[in-house]
Structures are given as structure tokens and as C-alpha cells.
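Engineer: following is a predicted model, sequence given first.
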Amino acid sequence: MSKQKLIYPMIVTEYDNEVTVEYNFGGGMTIVTGGDTLYDALEDAKKMLEFSLSTLYEQQKDFPVVTKDQIKEFVANKDENQSVNYITTTLEDVIKNYGTEPVKKTISIPLYMDSLLGARNISLSKYVQSKIEQDFFAT
């Protein structure tokens, strides 16, 4: 497993009761999130970053590369109430946290549901995966 280190700058905007974090990677990949505290906002940004990178990894696409010149421009264009923070992760963490490797879970359902699935030759695992895809990832 690769220990490839990944570092991305994010613009942090602090308001009275909220902190937002954003970065546009180009190519349609933008992270915008927030939280009540800086810690919460950066933690959420890291999760979103890792999830986005895992999607690129699964599609066998290159990760966005940020150059020193882009970072300089990023810093120069921030507003007065903004700061630049860096989100770090590794390829190993991206795959570990968001890969498509199956995870074994235990689930309890009523007997009649089990009988219905069996009679229709439907895999509970595939049904649950399909339902999650439909409810959370359908566009």
C-alpha cells in the first residue's frame, strides 16, 4: 500500500457562529463544508477530501496536483476574514477509509422479510447496497 502523502490548501472563512472550508480542485471537484468550530470544519473537510479522492482512485483518475504557484495565488487572493489551512492525508488512508472493499456487518430482520427475500432469490447484502446507492448517491 502506498504511503503517498497528499496535501491540499483550503480557504477557511470564519464568521460569528460558523466556519466554512472550501477549495476548488478544478475538473468539477469542489469541497465546501463547514462547522461550528474550526476543528469540526477541518475534520469534515478532511473526510470530504478523502471521499472525493477515493472516487478518483476507484475511477483510476489522477489526483489533483497543487503547485507552489497555485498556493501563492491562493494565499494572495484570500479575503481579510479568511486563512489558508492545509489538509493532509495519505493514499493509504483514503483507500482504508473509503475504499470499496466489502465490510462484513450483522443485520437483524424479521423472519417474514427473510422469507420474502429468499422466495424471490434476492441477496440481502446486494439489496442493502442498492438501496444505499439509490438513497445517498443517486444523481
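Structural biologist: Everything's here; your move. Values in this document were obtained by computation on a predicted structure and should not be read as measured data.

Engineer: got the buried residues for stretch 60-74?
Structural biologist: For stretch 60-74, a neighbour-count test (16 or more other C-beta atoms under 10 Å) marks 63, 64, 66 as buried. (C-beta placed from N, C-alpha, C; glycine too.)

Engineer: same list, these, but as JSON lines with secondary structure, distance to residue 81 and pLDDT please.
Structural biologist: Below are the buried residues of stretch 60-74 laid out as JSON lines (DSSP: H, G, I helix; E, B strand; the rest coil; distance: C-beta to C-beta, whole Å; pLDDT from 0 to 100):
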{"residue": "63", "secondary structure": "coil", "distance to residue 81": "30", "pLDDT": "86"}
{"residue": "64", "secondary structure": "coil", "distance to residue 81": "26", "pLDDT": "85"}
{"residue": "66", "secondary structure": "coil", "distance to residue 81": "23", "pLDDT": "82"}
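
Engineer: need the residues you listed in CSV (columns: distance to residue 35).
Structural biologist: Shown next, in CSV, are the buried residues of stretch 60-74 (distance: C-beta to C-beta, whole Å):
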residue, distance to residue 35
63, 25
64, 23
66, 23
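
Engineer: of these, closest to residue 31?
Structural biologist: Closest to residue 31 out of these is residue 64 (10.7 Å), distances taken as C-beta to C-beta.

Engineer: wait, what's in contact with residue 6?
Structural biologist: By C-beta atoms under 8 Å, 6 or more residues apart in numbering, the residues touching residue 6 are 53, 63, 88, 89, 90, 91, 94.

Engineer: between the buried residues of stretch 60-74, which is closest to residue 104?
Structural biologist: Nearest to residue 104 among the buried residues of stretch 60-74, with distances taken as C-beta to C-beta, is residue 63, at 29.3 Å.
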